[in-house]
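>>> any chance you can model this:
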Amino acid sequence: QVPLVESGGGLVQAGGSLRLSCTGSEQTFSTWTIGWFRQAPGKERILVATISWSAHSQYVAGSVKGRFTISKDNDHHTAYLQMNSLIPSDSAVYYCAGTESWLPIDIDEYTYWGQGTQVTVSS
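Next up, the predicted model:
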């Protein structure tokens, strides 16, 4: 059983928007920090944004700050990544991941992973 499931990826023109969703288990989701990562072809998987279990704290990478927003709805055991003003370099497979640790930025701290969703931004 996959602990987290992403959805919402697709093809969008530059300047457009997408909202990614990450759904987990009703029993555990509210206790996890949720991070969004992305991996472009031939490149490392990197952290885009992360939000604490309570959704009271968050970190957003400088490369997407002001364009991407992370949020978390524990009642519906779902986290979101709202992506606006998309540019071609945002194209990647986007993954969500969970951890019992508080707001880590180190990818190795994340234990539970989804299978990823492809985002492609055309110029």
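
>>> can we go C-alpha only for contacts and neighbour counts from here?
OK.

>>> contacts only, for the most centrally placed residue in the chain.
The structure's the chain has its C-alpha centroid closest to Trp36; by CA atoms, centre = their mean the separation is 2.3 Å. In this structure, Trp36 makes contact with 47-50, 81, 94-97, judged by CA atoms under 8 Å, 6 or more residues apart in numbering.

>>> what's the closest of those residues to Gly116?
Taking CA to CA as the measure, Gly116 lies nearest Tyr95 of the contacts of Trp36, at 4.4 Å.

>>> how distant is stretch 55-65 from the center of its chain?
In terms of CA atoms, centre = their mean, to the nearest Å, the centre of stretch 55-65 is found 11 Å from the chain centre.

>>> cool, and stretch 49-66?
Its chain's average C-alpha position is 10 Å from that of stretch 49-66, according to CA atoms, centre = their mean.

>>> buried residues, stretch 40-47. List them.
Neighbour-count burial for stretch 40-47, with 16 or more other CA atoms under 10 Å as criterion, is recorded at 40, 45-47.

>>> if we can go back for a sec, can you tell me which of the contacts of Trp36 are in strands?
Among those, the members falling in strands are 47-50, 81, 94-97 (criterion: DSSP state E).
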